[in-house]
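Student: here is the input, now give the coordinates:
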Amino acid sequence: MTKFVYVSLTLAMLAMFGLAFAPTVAGQDLILEELGDHTQECEASASVEYEWFVYSPESTSYLLELSVDVSAGEGWSSEFDQLFLLLSPDEGSSVKLVVSATNEVTTQTVNQTVFFTFTELENSTNTFVLEGHAETSMIPVWGVMAPGKNKLLGTFDNPLPEPFDGNYSTFLLNVGIWACIALVFMYVFDPVVRTFTKKTKTDIDDRILKILRKPVFALVIVYGLVSSFSILPLNERDIGEVFRLYGIVLIVIIIFVAYKVFKEVLIFLGRRYSQKTASEIDDVLIPVIDKIGGIFIMIFGAMSVITYLGYDVTFLLAGVGVMGLVIAFAAQDALSNFFSGIALLLDRPFTEGDHITLPTGELCRVEKIGIRSTRLYDTFANDYIVLPNNKLVNDKVVNLTEPDRRTVTSVVVGVAYGSDVAKVESIMLEAARKQSNAVLEKGKEPVVRFTNFGESALEFKVFVWVDDFMNKWRVAHDIRKEINKRFSEEGIDIPFPQRTIYVKEMPK
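Tutor: Reported below is the predicted structural model:
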């Protein structure tokens, strides 16, 4: 009873929509009706669905086999939801055909004939075929505009007289109109918006507007050029290629904007925030995020372009993984410098602006800590030194700026045997204390030590704290001058090594 009601309702609905039953074939009363329109439109990289209803009012069971014949249409594909169907007596069922289009379609329309092959199960020789039809049209990538439509901005007629009212003249005129629109945006709309952003308390909107100015101008130009191609009588393949190039340009513009926003807005806000906090963690992380984030955005952009072109990124990543192992062995120094640069930014043995001394003796100011190398300025030789980061990580480097700029300098003096040791000490201390750049606070006063009995002199060394490491050479120079002057006044000799040679006369 339920099956009878279902079939009756289905037939009644088909009759309401004015669907005519298929004619009797080979004495059979099978019913084949198409549900919906047999002509549809499909976008690129999308699909549409056709559906048929099959009903057997007889007392015989049938095996239904489905197949399709595509008359034309490279880049189109068809797939049934089921290829075989067992149709019992007084039973109805629906069959679906999914038609898909890619970006590689060469024809705008594809016609397909669907064959419904019925075979009686009790008598396999009783076979007959019913046909259904499906016609699918490609929706042009330009939306409602079709290639070859000779309209300005897709709407207006070309006002120029012959022979300048053709498609190619309209194309050039349309490109010129879009160029004018882009110029109006840049030199009229943009300044007006900027007058409002300058009145706000924050400068973030000014930065974003500055970033978007050129990309939006380029986007308007590119969109105008691409949309103008709809005027030319191009085939679907040419349109697809133009649209693919347009997609790549869009991805590049988006990645460029994302990179600039990341660098000039997000990192800028991060640096501003890190300056307000007492913690040093954010001061370390911001430069690391700055460098790694920029690289990640560029890699993501490259992968987006590859995916858009239809390549499988999964296999590409697997290949990159294998290639990465090869590159890792071939570029050990480069990778070592990269991770050493990250270590310098995280560990922070020195920062940009600090003064350091290298194992080779140069005193340098740190100019730039890069991912691969660090640039140093030799303060005495007026030279730039570029060192790989792994060398700075592994060698002994002295940071003169930390914990502060004060340092210790020393002067060694030798006096003749028999000199007054107490007077020597007093003179050396006075010479040190007279220096304007000497630190005289408690715990850091100048001190003199009797260091050694030399071969020809008593050796003394004076230690002096200096307020700035850049002054220690001048302070040592002035101390030596003062000591030499006072020793001369006090009659204290500074001996030099002497050798006495005796010549013994040999017998004749």
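
Student: which residues of this structure fall in helices?
Tutor: According to DSSP state H, the chain carries its helices in the segments 2-16, 167-184, 190-197, 204-228, 236-261, 267-276, 281-308, 313-330, 332-347, 389-394, 421-433, 472-490.

Student: can I get the ones you listed in a markdown table including mean neighbour count?
Tutor: The way it works is simple: take the backbone N, C-alpha and C, and place the C-beta from them, glycine included. Formatted as a markdown table, these follow (neighbours: other Cβ atoms under 10 Å):
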| stretch | mean neighbour count |
| --- | --- |
| helix 2-16 | 12 |
| helix 167-184 | 16 |
| helix 190-197 | 12 |
| helix 204-228 | 17 |
| helix 236-261 | 16 |
| helix 267-276 | 13 |
| helix 281-308 | 15 |
| helix 313-330 | 11 |
| helix 332-347 | 16 |
| helix 389-394 | 19 |
| helix 421-433 | 18 |
| helix 472-490 | 16 |
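
Student: nearest to Leu86, of the ones you listed?
Tutor: Nearest to Leu86, of all those, is helix 2-16, at 15.4 Å by Cβ to Cβ.

Student: ok, for the residue nearest the centre of the chain, nearest residue in space, not its chain neighbours?
Tutor: Residue closest to the mean C-alpha point of the chain, counted by Cα atoms, centre = their mean, is Ile297 at 1.5 Å. Counting by Cβ to Cβ, 6 or more residues apart in numbering, Ile297 lies nearest to Tyr259, which is 5.0 Å off, once chain neighbours are set aside.

Student: just to check, Val313 is in contact with Ile306?
Tutor: Yes. Judged on Cβ atoms under 8 Å, Val313 makes contact with Ile306 at a distance of 6.1 Å.

Student: overlap of the contact sets of the two?
Tutor: Both Val313 and Ile306 lack any common contact, where contact means Cβ atoms under 8 Å, 6 or more residues apart in numbering.

Student: quick one: contacts for the closest residue to Glu482 other than its chain neighbours?
Tutor: Leaving aside its chain neighbours, Glu482 sits nearest to Ala431 (3.8 Å; criterion: Cβ to Cβ, 6+ apart). The contact partners of Ala431, taken as Cβ under 8 Å, 6+ apart, are 462, 479, 482-483, 486.

Student: try 10 Å
Tutor: Residues in contact with Ala431 (Cβ atoms under 10 Å, 6 or more residues apart in numbering) are 411, 413, 438, 446, 448, 462, 464, 478-487.

Student: what distance do you get for Lys214 to Lys263?
Tutor: Distance, Lys214 to Lys263, by Cβ to Cβ, to the nearest Å: 15 Å.

Student: and if you look at Val249?
Tutor: Where Lys263 is concerned, Val249 sits at a distance of 21 Å (Cβ to Cβ).

Student: likewise Phe338?
Tutor: 19 Å.

Student: now swap in Val184 and tell me
Tutor: 29 Å.

Student: what of Asn399?
Tutor: Taken as Cβ to Cβ, the span from Asn399 to Lys263 is 29 Å.

Student: just the buried positions in stretch 491-508, please.
Tutor: Within stretch 491-508, the residues scored as buried using 16 or more other Cβ atoms under 10 Å are Ile492.

Student: which residues touch it?
Tutor: So stretch 491-508 is contacted by 413-420, 423-424, 427, 454-458, 483-484, 486-488 (Cβ under 10 Å, 6+ apart).

Student: ditto for stretch 200-220
Tutor: 178-179, 181-187, 189-190, 193-194, 196-199, 249-250, 252-254, 256-261, 263-265, 268-269.

Student: only alpha carbons, please: show it as PDB.
Tutor: Extracted C-alpha coordinates of stretch 200-220, given in PDB (Å, rounded to 0.1, in the frame of the first residue of the first chain):
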ATOM      1  CA  THR A 200      42.700  60.300  14.200                       C
ATOM      2  CA  LYS A 201      44.800  59.900  17.300                       C
ATOM      3  CA  THR A 202      46.500  56.700  16.000                       C
ATOM      4  CA  ASP A 203      48.900  56.500  13.100                       C
ATOM      5  CA  ILE A 204      48.000  52.900  12.300                       C
ATOM      6  CA  ASP A 205      45.300  53.900   9.800                       C
ATOM      7  CA  ASP A 206      47.800  56.100   8.100                       C
ATOM      8  CA  ARG A 207      50.200  53.200   7.800                       C
ATOM      9  CA  ILE A 208      47.500  50.900   6.400                       C
ATOM     10  CA  LEU A 209      46.400  53.500   3.900                       C
ATOM     11  CA  LYS A 210      50.000  54.000   2.800                       C
ATOM     12  CA  ILE A 211      50.400  50.200   2.300                       C
ATOM     13  CA  LEU A 212      47.100  49.800   0.400                       C
ATOM     14  CA  ARG A 213      47.600  52.800  -1.900                       C
ATOM     15  CA  LYS A 214      49.800  51.200  -4.600                       C
ATOM     16  CA  PRO A 215      48.300  47.700  -4.400                       C
ATOM     17  CA  VAL A 216      44.800  49.000  -4.800                       C
ATOM     18  CA  PHE A 217      45.900  51.100  -7.800                       C
ATOM     19  CA  ALA A 218      47.500  48.100  -9.400                       C
ATOM     20  CA  LEU A 219      44.400  46.000  -8.600                       C
ATOM     21  CA  VAL A 220      42.200  48.500 -10.400                       C
END
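
Student: done for today, thanks.
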